[in-house]
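1. Following is a predicted model, sequence given first.
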Amino acid sequence: QFKCAANFHWVSIQSKEGCGLTVVWSFFASCHGKCLCDPEGGALKNAAQRAELYDGNEGMVMRTSRDFYEWAVSKSGLHTPKKTLEEKGGKGIFRRFFYWVPSKGVGAVDRSRLPTFKADKGTSRLHEFADIGRPGTLQVRRAACHMCDSCWDGKRAQCENLKYTGGVQEISVALDAVPTGSQTRVTRQQLDADCVTRARAATVGECICIETHKDEQTLPWVIGNVVEGAHTAAADSPPFNDGVRLDSFKQGDLIVDVQLYEALEPGSAQYMLSDIRVSVPARRVRVTGLELKPVRSSRQVARSVLAPESLLSIRAEMPSMDDEWEVEEVRQYRTYYRREQWLVKWKNYGEDRNTWEPLENLLGEEVRQQAQRVKQAHFAAKEQEAAAAAARRPQCQRPGRSLAADS
């Protein structure tokens, strides 16, 4: 448990835009509050320990989170408790669901796409944050009560323990605005133009990669087969409802109709063609000509996996913070909008994936020394060009100078 503006904002939107319930987040420090869900973590860990040590699974060790998840789903027996809800008198755990969220790759949360928020000062001294139905606004107190009827009814201003909890206040949580510089705007415009060019060349049946909306926090991209090539939208895109969030478009924009692939489960590298057909703006078609290889399976549903070359193309076009990039060579130096940049050749990627990077993206002392040598060589070449140009200029004397010299 920790306090941050992003968590405060999440609490403030639940009743209106989230789960529909009024959420209160209390911080108890060492006097940790307990409820019916607290024993769940211990029950799961104890069951896993018994599986490794006592259940006849000699040599069984859950080395990764994936091993732990697969055991919980297939062998733990914890999905449905042994006693029915009626036998428990309507109390306790009715059913358990397990989910595996990978740290990177398909299904992971790309934290580079998460928005940042800013809250009013003084939240470190507060220990109760309550949703009051106004997104971006929270009702807060110095301490939580959870004992009197007024607090349970949501009437915190009438709390019987105000001397302990302190008075009720309101704080605001707002999206932290990130200014867009001229370089960012120019880069985005060029990127959009390149995407439109790719979309125009995409043919029916071709597999393409589409960048998702900037607020989509799970999937930075999706793949799909082209159903109808680039054409003009007859109407505005429908409002976002549920599922993966894609960019919107307006009437007259260039769009592409695709049939989406779905991962078999979060984090899986295997895909199956879904029944979902959507229209996407052409400016978000990032990679075309992807290759999907069929996977042998006894199941009737056809499965496919992205070819390694196609996955590299996607990673090169849309790198995330979890991707691992190794510099093979620093090639050139330039200044772009008064910022220094170096052309980098990335290991295991082709020349067409070389990128211009600022110095802060070049990690490692050896790489930075190489960048400085490239910079020095750049300016040395410029000086040689200037000297050569000066030597080629004709040496003109001012009129009358030779006469003055003779006299």
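-> That came through fine. Residues are numbered from 1 along each chain as shown.
2. And the helices in the stretch 1-150 of the chain?
-> With helices called from DSSP state H, counting those that start in this stretch, the stretch 1-150 of the chain shows them at 5-17, 39-53, 65-74, 149-152.
3. now the stretch 251-400 of the chain
-> Secondary structure of the stretch 251-400 of the chain by DSSP H, counting those that start in this stretch: the helices cover 308-317, 365-392.
4. rank the helices of the stretch 1-150 of the chain by mean pLDDT and give me the bottom one.
-> Comparing mean pLDDT over these, the weakest stretch is helix 39-53, at a mean of 80.
5. so what does that helix touch, helix or strand wise?
-> Under the contact definition 3 or more C-beta pairs under 8 Å, 6 or more residues apart in numbering; DSSP states H and E, helix 39-53 sits against helix 65-74. Bear in mind the C-beta positions are built from the backbone N, C-alpha and C, glycine included.
6. Below-threshold pLDDT in the stretch 1-150 of the chain: ranges please.
-> Scanning the stretch 1-150 of the chain for pLDDT under 70 picks out the ranges 1-2, 29-38, 54-60, 92, 104-114.
7. circling back: just name the most buried of the helices of the stretch 1-150 of the chain.
-> Mean neighbour count (mean count of other C-beta atoms under 10 Å) peaks for helix 5-17 among the helices of the stretch 1-150 of the chain, with a mean of 18.
8. on that earlier part again, output the helices of the stretch 1-150 of the chain as a markdown table; include the columns distance to H378.
-> Output for the helices of the stretch 1-150 of the chain, formatted as a markdown table (distance: least, C-beta to C-beta, whole Å):
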| stretch | distance to H378 |
| --- | --- |
| helix 5-17 | 42 |
| helix 39-53 | 57 |
| helix 65-74 | 47 |
| helix 149-152 | 67 |
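9. G243 is nearest to which of the ones you listed?
-> helix 5-17 (16.2 Å; C-beta to C-beta).
10. The closest one packs against which elements?
-> If contacts are counted by 3+ C-beta pairs under 8 Å, 6+ apart, helix 5-17 sits against strand 24-26, strand 117-119, strand 128-131, strand 137-141, strand 169-175.
11. If we use 6 Å, what do you get?
-> If you count contacts as 3 or more C-beta pairs under 6 Å, 6 or more residues apart in numbering; DSSP states H and E, helix 5-17 packs onto strand 117-119, strand 128-131, strand 169-175.
12. how many degrees apart are the helix or strand that the last one is followed by and helix 308-317 in direction?
-> The one in question is strand 169-175. Next along the chain after strand 169-175, taking DSSP states H and E as the criterion, comes helix 182-201. If you take axes from the mean of the first three to the mean of the last three C-alpha atoms, to 10 degrees, helix 182-201 sits at 150 degrees to helix 308-317.
13. Would you mark the buried spots in helix 182-201?
-> Neighbour counts using 16 or more other C-beta atoms under 10 Å place C195, V196, R198, A199 of helix 182-201 among the buried residues.
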